[in-house]
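Trainee: Build me a structure from this.
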Amino acid sequence: MLKELCNGTESSKCVLIQDGAEQCGRTVFLTFITGLLQRVDRVVLFCWEKPASYYRARITSKLSDRVDLIDCTEDPVSWLDLDSPTVDSNLTDLVRERLTAADKKCVVAIDSLSFLLLHRGAPYTCQALHTLKSCKSATGCVVEQVISLVHGNLHNDHDLRKLEHVSSSVVRVTSPPDQQHDMFCSVVHRRISGKVIKTTELVKLDGLNILSTQNWQHDSVKRSPEQAESIDPAANLTFNLTLSENEKEARRQLVLPYTKEQRRQPRIQSSVSSMIYYEPDKADDFDEEDPDDDLDI
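Mentor: Modelled structure (predicted):
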């Protein structure tokens, strides 16, 4: 699924890449940007953590002319009163200013949302993402996709769930379980139809290109048929669900009332001239509840 999202086979309006302290997700972030430059006219990249020079050195010269870098690292919180974007700037207006009449499709990339979350909070950040998804310039250029990076170890689960709710695809990047792969990715993708696809993949990269992906399943989850049959669900309980041999024999010898078994037994002499026999039907629906329990009799 990760490869399909990168090359555009699976369309997604908003992609959220979540990493942690053990594995940086900026490589996947750059991989998405490289794939997007193959099919859109312009990429507007907000640099909140790394300076613009960091991305100029990593994006090839053939594609760099279609990447508009907005360096937000100079004075992000307006301490120096410089004429540069800050956390209080309107991101949608900054995107519209950089679109030209020749651009028809553009992508907005944000590195990273953690800076906005820490300084503006989750409600503002989610609103900014929602506004960017529907952004449209005066010349008719529309935002094809919004891709953003967030550091999950810096925020609480409540704020992260809000971002995931706004996003149509969430990619969680962690360290791989072996040395043969570069990272381990857990992808949750919601299609326009409403179908949700969840995959866990081992990813191998070749520079900024995804070389291969492999679906991953934990070995401890798999059980052989012999192990599955040997599991006793009634074991290690505080109460007894099984019957002893004596209890099983007593159950077999028990004769239920009003059944045909009573016909084989000698009739007890009684003043009653009739007997009741009950023959259960195959279609009987046994219900232990009293059907007249709700009546006030």
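Trainee: For His165, which three-state class applies?
Mentor: The three-state label given to His165 by DSSP: H, G, I helix; E, B strand; the rest coil is helix.
Trainee: what about the closest residue to it other than its chain neighbours, helix or strand, and which?
Mentor: Distances taken as Cβ to Cβ, 6 or more residues apart in numbering place Cys126 nearest to His165, at 7.7 Å, with adjacent residues excluded. Yep, even glycine has a C-beta here, placed from its N, CA and C like the rest. Taking DSSP states H and E as the criterion, Cys126 maps to helix 122-133.
Trainee: Would you mark the buried spots in that helix?
Mentor: The neighbour-count check on helix 122-133 (16 or more other Cβ atoms under 10 Å) flags Ala122, Thr125, Cys126, Ala128, Leu129, Leu132, Lys133 as buried.
Trainee: about what we covered before: verify the stated contact: the residue nearest to His165 with Lys162.
Mentor: Yes. Counting by Cβ atoms under 8 Å, Cys126 touches Lys162, with 5.3 Å between them.
Trainee: From Val87, how far out is the residue nearest to His165?
Mentor: Cys126 sits 15 Å away from Val87, taking Cβ to Cβ, to the nearest Å as the criterion.
Trainee: show me the contacts for Arg26.
Mentor: Asp19, Lys50, Asp111, Leu149 (Cβ atoms under 8 Å, 6 or more residues apart in numbering).
Trainee: Columns distance to Ala250, secondary structure and neighbour count on top of those residues, output as a markdown table?
Mentor: Output for the contacts of Arg26, formatted as a markdown table (distance: Cβ to Cβ, whole Å; DSSP: H, G, I helix; E, B strand; the rest coil; neighbours: other Cβ atoms under 10 Å):
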| residue | distance to Ala250 | secondary structure | neighbour count |
| --- | --- | --- | --- |
| Asp19 | 64 | strand | 24 |
| Lys50 | 77 | coil | 15 |
| Asp111 | 74 | strand | 25 |
| Leu149 | 69 | strand | 26 |
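Trainee: so, if you compare these, which one comes nearest to Gln180?
Mentor: Comparing these against Gln180 with Cβ to Cβ places Asp19 closest, at 20.4 Å.
Trainee: Give me the nearest residue to that closest one, chain neighbours excluded.
Mentor: Distances taken as Cβ to Cβ, 6+ apart put Gly25 closest to Asp19, at 3.2 Å, once the chain neighbours are dropped.
Trainee: and that neighbour, how many residues sit next to it?
Mentor: 24 (other Cβ atoms under 10 Å).
Trainee: ends of stretch 237-246, how far apart?
Mentor: Between the opening and closing residues of stretch 237-246 there is a gap of 21 Å (Cα to Cα, to the nearest Å).
Trainee: do the same with stretch 241-257
Mentor: 25 Å.
Trainee: Rounded mean pLDDT for it, please.
Mentor: For stretch 241-257, mean pLDDT is 83.
Trainee: what do you get for stretch 173-191?
Mentor: For stretch 173-191, the mean per-residue pLDDT is 88.
Trainee: Please apply the same query to stretch 39-58.
Mentor: Per-residue scores along stretch 39-58 average to 90.
Trainee: May I ask which helix or strand encompasses Lys198?
Mentor: strand 196-206.
Trainee: go on, Ala250?
Mentor: Assigned by DSSP H and E, Ala250 falls within helix 245-253.
Trainee: which residues are contacting that helix?
Mentor: With Cβ under 8 Å, 6+ apart, helix 245-253 has contacts from Leu243.
Trainee: ok, now which ones touch the residue nearest to His165?
Mentor: Lys162, Leu163, His165, Val166.
Trainee: most surrounded residue in the residues you listed?
Mentor: Neighbour counts for these (other Cβ under 10 Å) peak at Leu163, which has 22 neighbours.
Trainee: With distance to Leu63 added, can I get the contacts of Arg26 in CSV?
Mentor: Listed next are the contacts of Arg26 as CSV, based on distance: Cβ to Cβ, whole Å:
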residue, distance to Leu63
Asp19, 24
Lys50, 18
Asp111, 17
Leu149, 19
